[in-house]
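>>> sequence below, structure please.
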Amino acid sequence: MGEGEEAGAILRVSQALGIFYLSTGRSQGRRTKRVVGRVPVTIAWLLLCLLAAPDLRENEAMAKPRRQQGILTGMPFMANLAPRTFVDALGRKIYLANSPGRIVSLAPSLTETLYAIGAGDLVVGVTPFCDFPPEAALKPKVGYIRPNLESILALQPDFIVAPVEFVRADLLTRLEQLKIATFIVQAKTVEDIFAQIQTLGRILKLNGAADRVATDLRRRVADLRQQTDHLSRPRVLYVLNTDPLITVGPGSFIHHLIELAGGTNVAANAQAPYPRLSMEAVLKEDPELILFPVGEAEGIPEGEQQRWRRWESLSAVKHGRFHQIDANLLNRPGPRVVDGLEVLVRILHPDVLRSASSSQ
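This is a model prediction of the structure:
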């Protein structure tokens, strides 16, 4: 940030257009803002991780003393009446005597998971971007990156599930004071996604359905991996945002998906899950394919994609290997992520699935 800017910049999402603004402080009594680019709204938390790190560190700091003090989350301190214990991504122990009956989901991927395991009827509140399955879009909305506490409480939930990046320390504290069980999740790998599905199944006593979903997804991944393991691995750049250029690195499930699809992520040596890259680094790594997430109201606009063609020395530009992929499939760590993996395989190795289907 430049001189005079506030520390801890704040991201805001325009829900209608999926456009991010970076607040850069106040100038002569008025707040200034700068468009940092149109990016997938389903990947909003990625930039939030980068620019709102102090708040996330506060969440982690909250978790540590709780583990030491043994405070129960979501239930009064009567462990003998709550035999079922679950540990969330912050290391917090959640004690549940009964299966939740009214659920608020704070991420599209989690909403999709709940519907996939047969818990759609239990969902009473979602985010504005929870649009799959279609009936999820009809549920009451409670906000997205900064959920509205009053809207949540009006729905009288007894269970809230949220990704770690969305839950502010103050909101989490308030929910704990109100004895509303809040389960925080985080997916760094594809296997983490499957494990989350099964954990939610156990929480909701839908073990059988959740296990079937996870088992089928693991089988599909294993089949795809078997078909790509022996192939050459093209160098891939996945563009989450163009200005600044943000991609995926180790510790992100999308990086893992690229590897499973038989590709080599050009940011494989990055020190962060969602690193910024300079064009010098991109030119040095020379990606053979450039991938752009796209969607009806989110993704990298066509104009921004075409601007990459000015880098004529890149192999991807020389051979015209620009590819689009549905942001809802690849950017959401939920059950449809394997559909996204299949699309990736078709892009990286177009002959693999074609030959597999012709042999059946």
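>>> which parts of the stretch 251-360 of the chain are strands?
Taking DSSP state E, counting those that start in this stretch to define them, one finds strands in the stretch 251-360 of the chain at 264-265, 289-294, 322-326.
>>> ignore the last one, the stretch 51-200 of the chain
Assigned by DSSP E, counting those that start in this stretch, the stretch 51-200 of the chain shows strands spanning 84-87, 93-96, 103-105, 123-125, 159-163, 181-185.
>>> export those to a markdown table and tack on distance to residue 226, mean neighbour count and mean pLDDT?
Backbone N, C-alpha and C define where each C-beta goes, glycine included. Shown next, in a markdown table, are the strands of the stretch 51-200 of the chain (distance: least, CB to CB, whole Å; neighbours: other CB atoms under 10 Å; pLDDT from 0 to 100):
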| stretch | distance to residue 226 | mean neighbour count | mean pLDDT |
| --- | --- | --- | --- |
| strand 84-87 | 33 | 13 | 91 |
| strand 93-96 | 37 | 20 | 92 |
| strand 103-105 | 34 | 29 | 98 |
| strand 123-125 | 36 | 23 | 98 |
| strand 159-163 | 31 | 24 | 96 |
| strand 181-185 | 29 | 24 | 96 |
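>>> same list (these) but as JSON lines, adding distance to residue 269.
Output for the strands of the stretch 51-200 of the chain, formatted as JSON lines (distance: least, CB to CB, whole Å):
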{"stretch": "strand 84-87", "distance to residue 269": "32"}
{"stretch": "strand 93-96", "distance to residue 269": "36"}
{"stretch": "strand 103-105", "distance to residue 269": "35"}
{"stretch": "strand 123-125", "distance to residue 269": "40"}
{"stretch": "strand 159-163", "distance to residue 269": "26"}
{"stretch": "strand 181-185", "distance to residue 269": "27"}
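>>> for residue 349, see how far away residue 238 is.
16 Å (CB to CB, to the nearest Å).
>>> swap that for residue 179, please
Counting by CB to CB, the gap from residue 179 to residue 349 is 51 Å.
>>> give me phi/psi at the residue nearest to residue 159 when sequence neighbours are not counted?
Excluding the flanking residues, the one nearest residue 159 by CB to CB, 6 or more residues apart in numbering is residue 100, at 3.3 Å. For residue 100, the backbone dihedrals (degrees, to the nearest 10) come out as phi -60, psi 150.
>>> thinking again about what came up before, and residue 179 and residue 349? Which one has more around it.
Neighbour totals were compared for residue 179 and residue 349, and residue 349 leads with 21 against 12 (other CB atoms under 10 Å).
>>> list the contacts of that one.
Residue 349 makes contacts with 227-228, 231, 261-262, as judged by CB atoms under 8 Å, 6 or more residues apart in numbering.
>>> and the nearest residue to residue 289 once chain neighbours are set aside, how many residues sit next to it?
Leaving aside its chain neighbours, residue 289 sits nearest to residue 321 (4.6 Å; criterion: CB to CB, 6+ apart). Other residues within reach of residue 321, judged by other CB under 10 Å, total 18.
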